[in-house]
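**Q** sharing a model that was predicted from the sequence below.
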Amino acid sequence: MKKKQLATIVLASAMMVSSLAACGNSSDGTTASSGGEATTAAPASTEAATETPDTTAPEPEAEVTPSVDFEDGKFAFAAVNTSVGGADPSVLSVGDFKGTKGLKVENTAGGNMFVGINVSALLGDKVADLAEIRMDLGTENADKFAASSGTLYCYVGDDNHEFKAGNWSVYLDTQNPKTAKFDVKDAGFVAGKDNYIVLSKETDNSKTTPSNLWITSMAFLDKDGNTITADTSAEFGTPAGFSAASDTAHLFGLTHAVAWDGFAVKGDAWAQNGVAMTDAVKAALVPGSVIEIKYKAETGHMWVVMNEAEVGWSRVGVGDWDGSGQQYAYINNAQDTCQITYEQIAAVCGDDIAKWGSMIQCESDGAWEVMSVRVGMKEDMPALTHAVVWEGYTAKADAWAQAGVAMTDAVKAALVPGSMIEVSYKSESGNMWLVMNEAEVGWTRVGVGDADGSGQGYIVATGSKAYIPYEMIAQYCGDDITKWGSMIQCESDSAWEVYGVRVGTAAAFKATNSNIDIGAQTKADAWAQDGPTLTEEMIAALVPGSVIDVEYSSDSGELWIVMPDAEVGWSRVGVGDFDGSGVTYGLFDGNHCQISYELIAQVCGDDVSKWGTRVQFEASSPWKVTGASIGNTK
């Protein structure tokens, strides 16, 4: 059985204190000089003489039995959360770390890490007795030791609201792993409510010095310090509010997507591997389509190779990685999704796909692995402005079952031409659509695409968010929303859960490539600003059609930019209604913010030389930016 390291550390410290006391004082009131000769100490006051120094070593902390020690290899109760801006799409596994078993959270893209643990599933009804959590946490780097730190967040109560339990750190390799203790007696864990915790590793050097996180044991204690037994066969499930949303920054949305069956390959740096095109893939590769690759790579880079092309062996999407500077792939911030458009391939190999060869390969400049590939029609990634929350919209059901919530007055007022419904969800298949169960035209699915074989109403669904435009609903149910019924339901072809629904004016994030990192990693309180100074290269990239892309998180979910040195004066851009001005609505979804050149020009003018050299960030709540870049949308 593993021992908690904290007890060893406390005992060692107590022995050191006791030893120092013994070396520094003699029993006859003399003090040892540096030369070893006894000298008479100065007379003490009467008061001091009556006091006896307490040199008793403190009692060592009692050994604690872990609730989870990972010796059985089970960790289905844990899941990675990538919905936070800039989060790493980490990989979980059980392995050996410094002579003991532990849960390895492998950093794959140099981002901050967030791993969820369903304590309700682990502890059952005993979760209500949870008063303290102890974890042995370690950090692992490829080259040399680098310090790591983070936070433990608890999602508790009937509504899984957030309680910040405290911070942890590992600053010395001699104390790695190190025991972290979190007091959660006031958190408010409730039995039967699927409460969970999220352990983060958030360090400023996460991109430059990526490191793995290890959890070698966990102890869940009641108020008397007793270990609560955990069922390690438990599964994480779908607790309300937890999202393993994929990072869609810089990417296109896809509709009419088809899977490239069997495309799961890997290779070393500069090695190629691929799969022959299926008939379904050939049919899908048409103008306006895009190949989407889910992958991991040591460098984060990915592109395709047309090894049988009639024009000759050709790379597409390689950008500057081989020095050619041609055909930049579209890659998200997490560097786990790559997109190559039909037009990019056609620019190199011609429009006739019969001359592209029978297969397409993948390649990177570091060891790489492709998990899946699909082909679909590209759309700008949907986004909302002027959004209103559909109050109370949480629901879940099994495959092909429906559930929903009645429309509020605010929702009815927002559902107008040009609006869109955004559904935040999770489903086993990744699919989600709407059901108009009370429509005057009859029970109707909207946005189902091919999932039920009907091939109607194709929407953008990312696996975490689904977007259904007003016009699509009107196509099937008519323009008069009074004939849509009093509620709108959700449905999927697999078990699903909806965490929230919003309605707003339809907008779109632009896909970007050839992105220039502007080095923004900063945070501030509500209505406080901070941000980077732009170099000449960055300023030169701010041209019509360019955008500033920001990875962030904020308590309120919004973010915008401030131009503090603009010739027109200190100016907010993209603030919308948050300061009451109702001007220049930026695009943000809680993780990704995009401000276009045109939006800045609307406020500061077309002459970039009059914008100043600083770009700052701001929100109406505490906020944190983990990265920003200037990207090309053309």
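**A** Yep, it's here.
**Q** any figure for the gap between the nearest residue to residue 102 once chain neighbours are set aside and residue 70?
**A** Excluding its sequence neighbours, the residue lying closest to residue 102 (CB to CB, 6 or more residues apart in numbering) is residue 216, at 3.6 Å. For glycine as for every other residue, the C-beta is placed from the backbone atoms N, C-alpha and C. The gap separating residue 216 from residue 70 is 7 Å, by CB to CB, to the nearest Å.
**Q** equivalent analysis for residue 188, please.
**A** Per CB to CB, residue 188 is found 28 Å from residue 70.
**Q** pretty sure residue 620 sits against residue 556.
**A** Yes: assessed by CB atoms under 8 Å, residue 620 is found in contact with residue 556 at 5.5 Å.
**Q** and the residue nearest to residue 102, backbone torsions?
**A** phi -90, psi -20 (degrees, to the nearest 10).
**Q** what do you get for residue 343?
**A** Phi and psi for residue 343, reported as degrees, to the nearest 10, are phi -60, psi -30.
**Q** and the one 3 residues further on, by the same measure?
**A** Backbone torsions of residue 346, given as degrees, to the nearest 10, read phi -60, psi -30.
**Q** relative to residue 313, how far out is it?
**A** From residue 346 across to residue 313, the span is 17 Å (CB to CB).
**Q** neighbour count winner among those two?
**A** Comparing residue 346 with residue 313 by other CB atoms under 10 Å, the one with more neighbours is residue 346, at 16 against 12.
**Q** quick one, what contacts that one?
**A** Shown in contact with residue 346 (CB atoms under 8 Å, 6 or more residues apart in numbering): residue 287.
**Q** go again using 7 Å as the cut-off
**A** Going by CB atoms under 7 Å, 6 or more residues apart in numbering, residue 346 touches no other residue.
**Q** just the pLDDT for it.
**A** pLDDT recorded at residue 346 is 97.
**Q** ditto for residue 30
**A** Residue 30 is assigned 29 on the pLDDT scale.
**Q** center of this protein - which residue?
**A** Centroid-nearest residue in the chain, with CA atoms, centre = their mean: residue 82, separated by 2.6 Å.
**Q** now it: which helix or strand?
**A** In the assignment (DSSP states H and E), residue 82 maps to no helix and no strand.
**Q** then residue 151?
**A** Assigned by DSSP H and E, residue 151 falls in strand 148-156.
**Q** coming back round to it: thought the residue nearest to the centre of the chain was touching residue 249?
**A** No: using CB atoms under 7 Å, residue 82 makes no contact with residue 249, being 11.5 Å away.
**Q** now the helices for this structure?
**A** For the chain, the helices defined by DSSP state H cover 5-24, 46-49, 119-123, 279-284, 342-349, 409-414, 470-477, 536-541, 597-604.
**Q** what average pLDDT does the last one get?
**A** In other words, helix 597-604. Average pLDDT, helix 597-604: 95.
**Q** alpha carbons only: can I get that helix in CSV?
**A** Extracted in CSV, the C-alpha atoms of helix 597-604 (Å, rounded to 0.1, in the frame of the first residue of the first chain):
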residue,chain,number,x,y,z
TYR,A,597,-9.1,43.9,-39.3
GLU,A,598,-12.4,45.4,-40.6
LEU,A,599,-13.8,45.6,-37.0
ILE,A,600,-10.7,47.5,-35.8
ALA,A,601,-10.7,49.8,-38.9
GLN,A,602,-14.3,50.6,-38.1
VAL,A,603,-13.2,52.2,-34.8
CYS,A,604,-9.5,53.2,-35.5
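**Q** next one: it to chain centre, how far?
**A** Averaging C-alpha positions (CA atoms, centre = their mean, to the nearest Å) puts helix 597-604 29 Å from its chain's average.
**Q** can you name every helix or strand that it contacts?
**A** If contacts are counted by 3 or more CB pairs under 7 Å, 6 or more residues apart in numbering; DSSP states H and E, helix 597-604 sits against strand 571-573, strand 583-585.
**Q** residue 566 contacts residue 611, doesn't it?
**A** Yes: here residue 566 lies in contact with residue 611, judged by CB under 7 Å, at a distance of 5.5 Å.
**Q** overlap of the contact sets of those two?
**A** Common contact partners of residue 566 and residue 611 (CB under 7 Å, 6+ apart): residue 604.
**Q** circling back: more neighbours, residue 188 and residue 70?
**A** Neighbours were counted for residue 188 and for residue 70 using other CB under 10 Å; residue 70 has more, 23 against 16.
**Q** and stretch 112-126, what's buried?
**A** By neighbour count on 16 or more other CB atoms under 10 Å, the buried set for stretch 112-126 is 112-124, 126.
**Q** could those residues go into CSV alongside distance to residue 577?
**A** Below are the buried residues of stretch 112-126 laid out as CSV (distance: CB to CB, whole Å):
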residue, distance to residue 577
112, 30
113, 34
114, 30
115, 36
116, 33
117, 37
118, 37
119, 38
120, 38
121, 40
122, 42
123, 43
124, 45
126, 46
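**Q** burial count for the nearest residue to residue 366 once chain neighbours are set aside?
**A** Using CB to CB, 6+ apart and skipping the chain neighbours, the partner closest in space to residue 366 is residue 298 (3.1 Å). Using other CB under 10 Å, the number of residues around residue 298 comes to 15.
**Q** buried set for stretch 460-480?
**A** Going by neighbour count (16+ other CB under 10 Å), the buried part of stretch 460-480 is 460-470, 472-474, 476-477.
**Q** if anything else comes up later, I'll come back, but that's it for now.
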